[in-house]
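*Asks:* sequence plus the predicted model coming up.
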Amino acid sequence: MSARSGGRPLLGALLPERVRWAEEAGAVDGAGTGEEPRPPWLFAEEEALMARATPGRRREFATGRLCAHRALAALGVAAAPLLRGRRGAPAWPAGTVGSITHCAGYRGAAVASAVRFLGLGIDAEPHAPLPSGVREEVVFGPEEARLRELAVRRPDIAWDRLLFSAKESVYKAWSGYGGAWLGFEDAEVAWWLDAPDAPDVPDGPRPPARARDDRLHPPARARAGLPRAAGRFRARLLVPVPAGPGPFPRVLPGRWLVREGLLLTAVAVPRPVPLPPHRTASKEYR
């Protein structure tokens with residue numbers, strides 16, 4: 001359940017049905033450079049967090065909070081300031097878990113009941129290879145060989161950036177659970193492609209002119225050339241799992257997609273459902 005400005009949903013393709021989400025894409029970065037009035041959806045306490053930030057960072061923050069408030073409303077949570085918690089991450093309302101992501105031209109948020117999920121992590125990135133020198137800080141062990149194999153199958157996909165994003169999503173889900181610092185070397189990721197040979201075709205209607213950013217929503221003739229792919233990944237944690245509100249799994253499943261010049265990853269960690277107590281068969285059936 002969500003709202004999105006223009007095009008088909010992205011987060012909705014990655015998250016379980018019980019997760020509520022919202023996203024904004026296209027012309028969300030703006031061009032203003034001076035003081036701007038507080039957006040009507042932003043609480044004064046939230047605005048105060050960005051008092052010393054640049055105008056661009058304030059717009060990024062405000063649109064991310066807009067998505068978070070929409071997702072929380074869809075979950076039935078009363079509107080309230082969403083402030084900072086541990087390590088600067090959002091302090092989600094009691095009884096909920098969530099995650100926010102932002103990059104150039106995109107903002108998104110996902111929330112769920114803590115009764116059903118132990119953690120959520122989402123991440124969006126521009127679909128482009130990692131900058132020089134960053135790959136060596138992200139790729140470890142057997143991941144290098146896996147990325148080379150995937151590059152042979154789909155050389156149009158920025159697999160190193162996708163790995164970076166997957167580990168960011170894993171970290172957010174882990175951090176929300178209460179885990180300690182998690183480095184890129186502390187999780188090992190394996191990949192699966194959905195229909196890897198599917199042709200790239202234009203996807204969804206073109207956003208209205210006032211909301212369109214042709215860098216991310218180019219004309220249909222150009223969109224046909226943008227890579228599209230989707231699939232699953234599995235992240236294996238290589239560090240001890242701390243005690244917490246439920247047994248946090250050592251292997252985390254996730255989903256990913258590449259579309260419209262963006263790549264997104266998501267990890268949703270369901271809370272295990274307790275098994276019913278064993279019942280002794282009645283005498284009639286012994």
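*Replies:* Cool, the structure landed.

*Asks:* going forward, measure contacts and count neighbours with C-alpha atoms only.
*Replies:* Noted.

*Asks:* shouldn't Trp192 be in contact with Ala229?
*Replies:* No. Applying Cα atoms under 8 Å as the test, Trp192 and Ala229 come out as separate, 10.7 Å apart.

*Asks:* neighbour-wise, which of those two wins?
*Replies:* Ala229 (20 against 14; other Cα atoms under 10 Å).

*Asks:* the more buried one against Arg255, yeah?
*Replies:* No. Ala229 lies out of contact with Arg255 (Cα under 8 Å); the separation is 11.2 Å.

*Asks:* which pLDDT does the model give Val28?
*Replies:* Per-residue pLDDT puts Val28 at 64.

*Asks:* could you list the low-pLDDT ranges of the stretch 1-150 of the chain?
*Replies:* The stretch 1-150 of the chain contains residues with pLDDT under 70 at 1-7, 27-37.

*Asks:* the nearest residue to Val239 once chain neighbours are set aside: what's it in contact with?
*Replies:* Of all residues not flanking Val239 in the chain, Asp186 sits nearest, at 6.1 Å (Cα to Cα, 6 or more residues apart in numbering). For Asp186, the contact set (Cα atoms under 8 Å, 6 or more residues apart in numbering) comprises 237-239.

*Asks:* repeat that with 10 Å
*Replies:* 140, 167, 171, 235-240 (Cα atoms under 10 Å, 6 or more residues apart in numbering).

*Asks:* who wins for neighbours among these?
*Replies:* Counting by other Cα under 10 Å, top hit in the contacts of Asp186: Lys167 with 28 neighbours.

*Asks:* hmm, Ala187 and it touching each other?
*Replies:* Yes. With contact defined as Cα atoms under 10 Å, Lys167 counts as touching Ala187 (7.1 Å).

*Asks:* which residues do those two both contact?
*Replies:* By Cα under 10 Å, 6+ apart, the residues touching both Lys167 and Ala187 are 138, 235.

*Asks:* now do the strands in the protein.
*Replies:* 20-25, 96-103, 106-113, 117-126, 187-194, 229-237, 251-259, 262-270 (DSSP state E).

*Asks:* nearest to Leu150, of the ones you listed?
*Replies:* strand 187-194 (8.5 Å; Cα to Cα).

*Asks:* for the closest one, list every residue counted as buried.
*Replies:* Using 16 or more other Cα atoms under 10 Å as the test for burial, strand 187-194 gives 187-189, 191, 193.

*Asks:* stretch 108-123 now?
*Replies:* By neighbour count on 16+ other Cα under 10 Å, the buried set for stretch 108-123 is 108-114, 116-123.

*Asks:* related to what we said a few turns ago, what sits in contact with each of Trp192 and Ala229?
*Replies:* Trp256.

*Asks:* which stretches of the stretch 151-286 of the chain have low pLDDT?
*Replies:* Along the stretch 151-286 of the chain, segments meeting pLDDT under 70 span 195-225, 274-286.

*Asks:* if we can go back for a sec, which of the contacts of Asp186 sits closest to Gly98?
*Replies:* Nearest to Gly98 among these, with distances taken as Cα to Cα, is Tyr171, at 12.5 Å.

*Asks:* show me what contacts the nearest residue to the closest one once chain neighbours are set aside?
*Replies:* In this structure, Tyr171 finds its nearest non-sequential neighbour in Leu182, 6.3 Å apart by Cα to Cα, 6+ apart. Applying Cα under 10 Å, 6+ apart to Leu182 gives the contacts 167-168, 170-172, 174-175, 237-239.
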